[in-house]
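Participant: Pasting the sequence and the predicted coordinates here, then a few questions.
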Amino acid sequence: MAGIAALGLHLLGADAAGALGPMTAAAVVLAVGGSLMPSGDIEAFGLKGAGAHTAIDIAPLGVSLAGALLLGMIFARSLRRAGVTIGAGELAARAASVVILFLFLLAGLAWAGEDSVTFDGSGLGLGGGGGGGGPKLEIPGIGDVGDIAGGLPDRLTGLVNAKAAVGFSIRTGPSLLGGTVWVLGVLLIAVLGARRAPLPRAWQVLHRGVRPAVAALCAVLVLAVGAGLAAAAYAATGDDAPKRVLGAALLGAPNGVFLAVPLGLFVSWHGTASGALTKVLPSPLDELLSARADEPVTLGRLAELDALVWLLAVACALMMLCVGVLTAVRTPRDGLGVTAFAARCAVALGVATAVALPLLVLATRVKVDASLSVLGFDVFGAGLELSGNVPMALALGAAWGAAAGAVGGVLACATGTAGRRAVVYGSRAAEAARPAAGAA
């Protein structure tokens, strides 16, 4: 995770403004649900009371996904050595040891993640020059205040040549709490998705339905992220700043993919954007948030600006169909008829998608606010807020998952591939043979 974060920040050029080590630690902490406390101060040209403040609530999911995949695979492979089944106590002990070690490492990152970043005043959007060519102060209800306070606008123009040092530190308590939730979630998904790992005897029912659906859904989502990275690599070949494109993809490709999937499945979002942060949004999302800040972001509204957006719905529908077929191929048939087998796949995938889609919505929420205030006047501001409708994601996830599971089950039965890739834990014959295997 630290390697991905450091490489992404370096490609973005972030190490030119501050030390790479503390920024890497901060990025990893944010990736596991941690929290930062920013602070700053600016003083130039005799202006007192100048301050910079910012609020950041965004997780670099590229770092999160790298850590989750590696941690999940290591934990799942370690369970295979436990035998045909594993006791609930042993499973809890193994998970607890991983959580404790992870929290120790996270505490070290929290201690290291404290530094300051220097921003050039020319990037604050204040303009250049002097003698009335600078920005004008306008107060709501009063209008332009002109050269009040002895040519204050000209002084603000002089801030173009100033430097702004914004510090940040990691909030240890909330970060450890967020890290605990993150690592427990990763271990739970690893247990539910690792079809070849043993389970406690009371949980054997998960082998037949839940595990194939979770494994198929995770595999297709990871494949979608891989496609996003490939698209970013292709885009970098024709861009003037290929390193920045690759750095942004390493850190944020899953953010874009996991935002596009719920949107393509017709989950509505609400967002606002202002200032320079509108430039980081893809088209036509930037146009919609800038022009219709009070309206929900839906696939239909985006399609009004660009009809090609409907291709996203087609791609997401095909993705769900692939998940349904993969679930049916991995689900043991156990002698069931076509209707009963399709119902088993529909229920399992419906439940899995109903949980996964709201998690994607929560993971990709964005809230960034940055401004420079001088003497109480906000002379520069940039904000971005984007959040999805969680209840709608839950309902649509259940509907899409059930439909995809049913269609996938029918197609698998029609082609003779139903249950062909089911693991031994999912068959009744294997369960009957477990006592003999255990004795051996």
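Facilitator: Structure's in. What do you need? None of these values were measured; they are calculated from a predicted model.
Participant: And the contacts of the helix or strand that contains Ile100?
Facilitator: Per DSSP states H and E, Ile100 falls inside helix 88-112. For helix 88-112, contacts defined as CB atoms under 8 Å, 6 or more residues apart in numbering pick out 21-22, 25, 28-29, 32, 34, 71, 75, 78-79, 82, 170-172, 175-176, 179-180, 183-184, 187, 191, 200, 202. In this view, the C-beta of every residue, glycine as well, is placed from N, C-alpha and C.
Participant: Following element in sequence after whatever helix or strand Val245 lives in, please.
Facilitator: Assigned by DSSP H and E, Val245 falls within helix 242-264. Scanning forward in sequence from helix 242-264 by DSSP H and E, the next helix or strand is strand 269-274.
Participant: in that next one, what counts as buried?
Facilitator: 269-273 (16 or more other CB atoms under 10 Å).
Participant: Check stretch 231-246 too.
Facilitator: Within stretch 231-246, judged by 16+ other CB under 10 Å, the buried ones are 232, 236, 245-246.
Participant: from those residues, which is closest to Gly324?
Facilitator: The closest of the buried residues of stretch 231-246 to Gly324 turns out to be Ala232 (CB to CB; 27.9 Å).
Participant: you'd agree Leu187 is up against Ile74?
Facilitator: No: counting by CB atoms under 8 Å, Leu187 stays clear of Ile74, with 10.6 Å between them.
Participant: Compare the two (neighbour count), which wins?
Facilitator: Ranked by neighbour count (other CB atoms under 10 Å), Leu187 and Ile74 place Leu187 first, with 22 against 11.
Participant: ranges for the strands of the stretch 101-250 of the chain?
Facilitator: In the stretch 101-250 of the chain, the segments counted as strands under DSSP state E, counting those that start in this stretch are 114-120, 138-139, 143-144, 163-170.
Participant: Also the stretch 251-400 of the chain?
Facilitator: 269-274, 366-374, 377-388.
Participant: which stretch in those strands has the least confidence?
Facilitator: Lowest mean pLDDT within those: strand 366-374, a mean of 58.
Participant: Pass me the low-pLDDT residue ranges in the stretch 101-250 of the chain, would you?
Facilitator: In the prediction, the stretch 101-250 of the chain carries residues with pLDDT under 70 at positions 114-167.
Participant: go with 90
Facilitator: 107-175, 193-210, 231-232, 235-245, 247-249 (pLDDT under 90).
Participant: if we can go back for a sec, what would the buried residues of strand 269-274 look like in CSV with distance to Ala403?
Facilitator: Shown next, in CSV, are those (distance: CB to CB, whole Å):
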residue, distance to Ala403
Trp269, 22
His270, 26
Gly271, 28
Thr272, 33
Ala273, 34
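Participant: between those, which is closest to Thr353?
Facilitator: Trp269 (18.2 Å).
Participant: Go ahead and confirm that closest one touches Val297.
Facilitator: Yes: judged on CB under 8 Å, Trp269 makes contact with Val297 at a distance of 4.1 Å.
Participant: so what sits against both of those two?
Facilitator: 263, 386.
Participant: ok, Ala233 - contacts?
Facilitator: 246, 249.
Participant: How about the one 10 residues further on?
Facilitator: For Lys243, the contact set (CB under 8 Å, 6+ apart) comprises 11-13, 236.
Participant: What residues sit buried inside the longest helix along the chain?
Facilitator: Secondary structure assigned by DSSP state H gives helix 210-237 as the longest helix of the chain. The neighbour-count check on helix 210-237 (16+ other CB under 10 Å) flags 210-218, 220-221, 224-225, 228-229, 232, 236 as buried.
Participant: same check, this time on stretch 318-336
Facilitator: So stretch 318-336, judged by 16+ other CB under 10 Å, has buried residues 319-333, 336.
Participant: Could you do stretch 193-209 as well?
Facilitator: So, applying 16+ other CB under 10 Å, buried residues of stretch 193-209: 193-195, 197-199, 203, 206-209.
Participant: Select, from the residues you listed, the two members most distant in space.
Facilitator: It's Pro198 and Gly209 that sit farthest apart of the buried residues of stretch 193-209, by CB to CB, at 17.1 Å.
Participant: Is His10 in contact with Leu20, as I believe?
Facilitator: Yes: judged on CB under 8 Å, His10 makes contact with Leu20 at a distance of 6.5 Å.
Participant: what is in contact with the two at once?
Facilitator: Joint contacts of His10 and Leu20 (CB under 8 Å, 6+ apart) do not exist.
Participant: how close does Gly34 get to Phe102?
Facilitator: Using CB to CB, to the nearest Å, Gly34 is found at 12 Å from Phe102.
Participant: any shared contact partners between the two?
Facilitator: Common neighbours of Gly34 and Phe102 (CB under 8 Å, 6+ apart) are Gly179.
Participant: With neighbour numbers in mind, choose between the two.
Facilitator: Between Gly34 and Phe102, counted using other CB under 10 Å, the more crowded position is Gly34 (26 against 21).
Participant: The more buried one falls within a strand, correct?
Facilitator: No: counting by DSSP: H, G, I helix; E, B strand; the rest coil, Gly34 falls outside a strand, being coil.
Participant: Isn't it up against Gly179?
Facilitator: Yes: assessed by CB under 8 Å, Gly34 is found in contact with Gly179 at 6.3 Å.
Participant: coming back round to it: what about the contacts of Lys243, which are in helices?
Facilitator: Those of those lying in helices (DSSP H): 11-12, 236.
Participant: Between these, which sits nearest Glu304?
Facilitator: Ala236 (30.0 Å).
Participant: State the distance from that closest one to Gly3.
Facilitator: Ala236 sits 19 Å away from Gly3, taking CB to CB as the criterion.
Participant: Repeat that for Ala346.
Facilitator: For Ala346, the distance to Gly3 - CB to CB - is 41 Å.
Participant: quick one: which of the two has more around it?
Facilitator: A direct count of neighbours by other CB under 10 Å for Ala346 and Gly3 places Ala346 higher, at 24 against 12.
Participant: Thought Ala402 was touching the more buried one, still the case?
Facilitator: Yes: with contact defined as CB under 8 Å, Ala346 counts as touching Ala402 (4.5 Å).
Participant: what's near enough to touch Met392?
Facilitator: 267-268.
Participant: now the one 4 residues further on
Facilitator: Residues touching Leu396, when contacts are defined by CB under 8 Å, 6+ apart, comprise 262, 265-267, 357.
Participant: farthest pair in the residues you listed?
Facilitator: Once CB to CB is applied, the contacts of Leu396 give Phe266 and Leu357 as the farthest pair, at 10.8 Å.
Participant: who's more crowded, the two?
Facilitator: More crowded of Phe266 and Leu357, by other CB under 10 Å: Leu357, with 27 against 16.
Participant: For the closest residue to that one other than its chain neighbours, give its distance to Gly408.
Facilitator: In space, and not counting its chain neighbours, Leu357 is closest to Gly397: 3.3 Å by CB to CB, 6 or more residues apart in numbering. Noted for Gly397: a distance of 16 Å to Gly408, by CB to CB.
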